[in-house]
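In: Provided below for reference: sequence and predicted model.
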Amino acid sequence: MHEYQRLEVTEVGDVTVVRFRNRRITEDIDIQELGSEMFSLVENDNREKLLLNFSTVEFLGSAALGKLITLDRKVKARGGVLKFSNIGSNIHEVFVITKLNLFFDIKEDEVDALAAF
């Protein structure tokens, strides 16, 4: 496993838990790098069970939503599972407005999400 600039990656059993190093994910370069690192987890590291923990994220740019949708497709194409947890009210509101709360599997906290795998 290699070091990531934008992500903190840990293992809990067979689930890869991903936390974000940036509180604000709004700049294009940050979003591009974040996307590359998340996609690498699936494409290069063959991770099949991913949990994205948003506890450190306060703001998420709209371009980042596209990366999350693409990540979901990549995970599902490999027969994997993607879940989200610890989403703050600002980000949850964006998910509700865009109806992505119906698209993504979102759990209240990391414990609930891990138990749901």
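Out: That came in fine, so what should we check first?

In: only C-alpha atoms for contact and neighbour calcs from this point on.
Out: Will do.

In: got a list of what the residue nearest the centre of the chain touches?
Out: Geometric centre of the chain, nearest residue: residue 52, 3.6 Å, by CA atoms, centre = their mean. With contact set as CA atoms under 8 Å, 6 or more residues apart in numbering, residue 52 has these partners: 17-19, 82-85.

In: before we move on, what about residue 6?
Out: Taking CA under 8 Å, 6+ apart as the test, what residue 6 contacts is 20-22, 30, 33-34, 37.

In: Just the buried subset of the residues you listed, written out for PyMOL, thanks.
Out: Restricted to buried positions by 16 or more other CA atoms under 10 Å, the PyMOL selection for the contacts of residue 6 reads:
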select buried, resi 20+21+22+30+34+37
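
In: Strands - which of the contacts of residue 6 land there?
Out: Using DSSP state E, the subset of the contacts of residue 6 located in strands is residue 20.

In: among the contacts of residue 6, which two are most distant?
Out: 22 and 37 (13.4 Å; CA to CA).

In: buried subset of the contacts of residue 52?
Out: Applying 16+ other CA under 10 Å to those flags 17-19, 82-85 as buried.

In: just checking, residue 53 touches residue 85?
Out: Yes. Applying CA atoms under 8 Å, one finds residue 53 in contact with residue 85, separated by 4.9 Å.

In: Touching both of those two, which residues are there?
Out: With CA under 8 Å, 6+ apart, residue 53 and residue 85 have common neighbours 109-110.

In: Take the contacts of residue 6 and lay them out in JSON lines including distance to residue 10.
Out: Compiled in JSON lines, those are given as follows (distance: CA to CA, whole Å):
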{"residue": "20", "distance to residue 10": "12"}
{"residue": "21", "distance to residue 10": "13"}
{"residue": "22", "distance to residue 10": "17"}
{"residue": "30", "distance to residue 10": "21"}
{"residue": "33", "distance to residue 10": "19"}
{"residue": "34", "distance to residue 10": "16"}
{"residue": "37", "distance to residue 10": "14"}
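
In: What is the nearest of the contacts of residue 6 to residue 107?
Out: residue 20 (16.8 Å).

In: ok, the nearest residue to that closest one once chain neighbours are set aside to residue 59 distance?
Out: Distances taken as CA to CA, 6 or more residues apart in numbering put residue 7 closest to residue 20, at 4.8 Å, once the chain neighbours are dropped. Distance, residue 7 to residue 59, using CA to CA, to the nearest Å: 16 Å.
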